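K.L.:
Build me a model:
(chains A and B)
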Amino acid sequence: GESVGLHLPTLSVQEGDNSIINCAYSNSASDYFIWYKQESGKGPQFIIDIRSNMDKRQGQRVTVLLNKTVKHLSLQIAATQPGDSAVYFCAEGGADSGYSTLTFGKGTMLLVSP
Amino acid sequence: DTAVSQTPKYLVTQMGNDKSIKCEQNLGHDTMYWYKQDSKKFLKIMFSYNNKELIINETVPNRFSPKSPDKAHLNLHINSLELGDSAVYFCASSSLQGNTEAFFGQGTRLTVV
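P.N.:
From the prediction side, this is the model:
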């Protein structure tokens, strides 16, 4: 079946660096993409989303880029802080996503060293 | 105010038992979900439910059943628990199916011994 996956299971950065977390998706019918942050012992928390009619969207210290040509999604975190340490998930949604719900990728652990 | 709340946060039980996890959302959403997160952090949808339709992931054993007394609640009942059911279970809700942000509860860590 079609799925969403991540290239890097663990990303280690220094405080103050910029972080880039990547995600590949295979369902070309997906029209909604979202990034979640999951801290230890907590549920996934919304970071930022983007719809397929856009290729870039910015939030506070975060930017999501969508490249539909190569089915690639990335999350950029500027000036990474220790509090950004968590597992990050990309997810896709849309009318064609099976159960009409979000399908999650495998997750990337971001470790930020002070 | 907690948007999506689940109880209990931890649940330890023996094989063969029947247990329930409760979920409530105060966001006024019309769609609720149950996800299972395994030891590798992989999140997999189990059920999607609104007041019109229950959508079941066909890989979910029929020992698992969602029950919704009203729009704000979606409880998860599990019969004849097995060791492989050990995982973290997340309840979530959203205002539209599949194309909007889902809000998650804090999770219930189920351990079957």
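
K.L.:
And residue 68, what's its pLDDT?
P.N.:
Since you didn't name a chain, this refers to chain A. You'll see A:Lys68 listed with a pLDDT of 92.

K.L.:
oops, chain B please
P.N.:
pLDDT at B:Ser68 comes out at 90.

K.L.:
Next, it: phi, psi?
P.N.:
phi -120, psi 100 (degrees, to the nearest 10).

K.L.:
Nearest spatial neighbour of whatever residue of chain A ends up closest to chain B, chain-adjacent residues omitted?
P.N.:
Residue nearest to chain B within chain A (Cβ to the nearest Cβ): A:Gly43, separated by 3.5 Å. All C-beta atoms are positioned from the backbone trio N, CA, C, and that covers glycine. Closest residue in space to A:Gly43, ignoring its immediate chain neighbours: B:Phe104 at 3.5 Å, by Cβ to Cβ, 6 or more residues apart in numbering or on different chains.

K.L.:
so the spatially most central residue of chain B bridges to which residues?
P.N.:
Residue closest to the average C-alpha location in chain B (Cα atoms, centre = their mean): B:Trp34, at 3.0 Å. With DSSP bridges applied, the residues forming beta bridges to B:Trp34 are B:Phe47, B:Cys91.

K.L.:
can you check A:Ala24 too?
P.N.:
According to DSSP bridges, beta-bridge pairing links A:Ala24 with A:Gly5, A:His72.

K.L.:
and chain B, which residues reach chain A?
P.N.:
B:4, B:33, B:35, B:40-45, B:48, B:55, B:57, B:90, B:92, B:97-107 (Cβ under 8 Å from any Cβ of the partner chain).

K.L.:
Correct me if wrong: B:Phe104 contacts A:Gln45.
P.N.:
Yes: at 7.2 Å, B:Phe104 and A:Gln45 qualify as touching, with contact defined as Cβ atoms under 8 Å.

K.L.:
out of those two, which sits in the more crowded spot?
P.N.:
Counting neighbours by other Cβ atoms under 10 Å in any protein chain shown for B:Phe104 and for A:Gln45 shows that B:Phe104 has the greater number, 23 against 13.
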